[in-house]
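*Asks:* Have a look; sequence and predicted model below, questions after that.
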2 protein chains.
Amino acid sequence: MTAIKESSTIQENKQYALEKCPVTFVMEKIGGYWKPIILWHLSSGMKRYSELKREIPAITEKMLIQHLKQLEADGLVIREAKPVVPPFVTYRLSNAGEGLLPVIQAMADWAFKVKDGEFL
Amino acid sequence: MTAIKESSTIQENKQYALEKCPVTFVMEKIGGYWKPIILWHLSSGMKRYSELKREIPAITEKMLIQHLKQLEADGLVIREAKPVVPPFVTYRLSNAGEGLLPVIQAMADWAFKVKDGEFL
DNA sequence: CATGATACATACTATAGGGTAAGTACTTGT
DNA sequence: ACAAGTACTTACCCTATAGTATGTATCATG
């Protein structure tokens, strides 16, 4: 039954969030600073690890690989490695990852509207 | 000119993010754990502070007021206080805040699709 | 035999965000 | 006189996230 304790932490309330707020469910997958940027760059197609590194110069390797792993674990991106040397590894969006593109697009639309002063 | 330093922190790259990734611009406004939940609850109309508190039982007063202030500062919600005692304060979405509803909706749609196994 | 390229891993530190607990101001009700 | 309700504020702590720096395996090439 996994009762919810009175003293509430984020961990303990994830179930609550899933039930009551699907938005938070999404934020758990693509929240944080770098994930949306990575997804944004993968939306234009499959990329090598080193390509992503070049296209997002500000990211550190630790952040890049860490978030790629998490996105993979969450089923949003697919990693494919060719057993050659030097390594050849590519990342691309899964079906679920592509399903996020409308979200990304809605965000981008809103951002541009704000910048164009459309809400003033 | 505010040149961008080589050693990059999130702060220093906010400009980059705004130019290159509108998604991050959105995350800066509604990222974090509680903001989307609050917006979600405000999407059904104007609410009193105490109503929000009741509807989101897991949130602490500190978090609630802190994020309401930030959302207000970002122009996403509008605060209205009646000069009575006990205080009567309401919060509602601004135009910009309502402009986020499609984003919220797109997120919710995706979350439900994931839960329904539509991407398997 | 050292260097470079690729795709990572790991140890440590710093900062931001969230959580706990308690206090404040003002007035009505008992 | 005291508690209760509303909308906060403040001080302190703790953890999750981000950043810095360095190390690893493999093979090709000079």
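*Replies:* Yes, it's here. Given the structure is predicted, the values throughout are model-derived calculations rather than measurements.
*Asks:* The lengthiest helix in chain A versus helix B:101-115: what angle between them?
*Replies:* Ordering each helix of chain A by length in residues (DSSP state H) puts helix A:101-115 first. If you take axes from the mean of the first three to the mean of the last three C-alpha atoms, to 10 degrees, helix A:101-115 sits at 170 degrees to helix B:101-115.
*Asks:* any chance you could map the helices in chain A?
*Replies:* Counting by DSSP H, chain A has helices at residues A:14-20, A:22-30, A:35-42, A:49-55, A:61-73, A:95-99, A:101-115.
*Asks:* Run a quick check on residue A:63 versus residue A:34, I expect a contact.
*Replies:* Yes: under the criterion of C-beta atoms under 8 Å, residue A:63 makes contact with residue A:34 at 5.3 Å. Yep, even glycine has a C-beta here, placed from its N, CA and C like the rest.
*Asks:* If you count surrounding residues, which of the two has more?
*Replies:* Higher neighbour count among residue A:63 and residue A:34: residue A:34, with 24 against 17, using other C-beta atoms under 10 Å in any protein chain shown.
*Asks:* so residue A:91 makes contact with residue A:42?
*Replies:* Yes: taking contacts as C-beta under 8 Å, residue A:91 lies within contact range of residue A:42: 6.2 Å.
*Asks:* which residues do the two both contact?
*Replies:* Common contact partners of residue A:91 and residue A:42 (C-beta atoms under 8 Å, 6 or more residues apart in numbering or on different chains): A:52, A:77.
*Asks:* Who is residue A:89 paired with across the strands?
*Replies:* Using DSSP bridges, the bridge partners assigned to residue A:89 are residue A:81.
*Asks:* That one and DNA strand D, how far apart?
*Replies:* From residue A:89 across to DNA strand D, the span is 12 Å (C-beta to the nearest atom of the strand, to the nearest Å).
*Asks:* Nice, that's everything, thank you.
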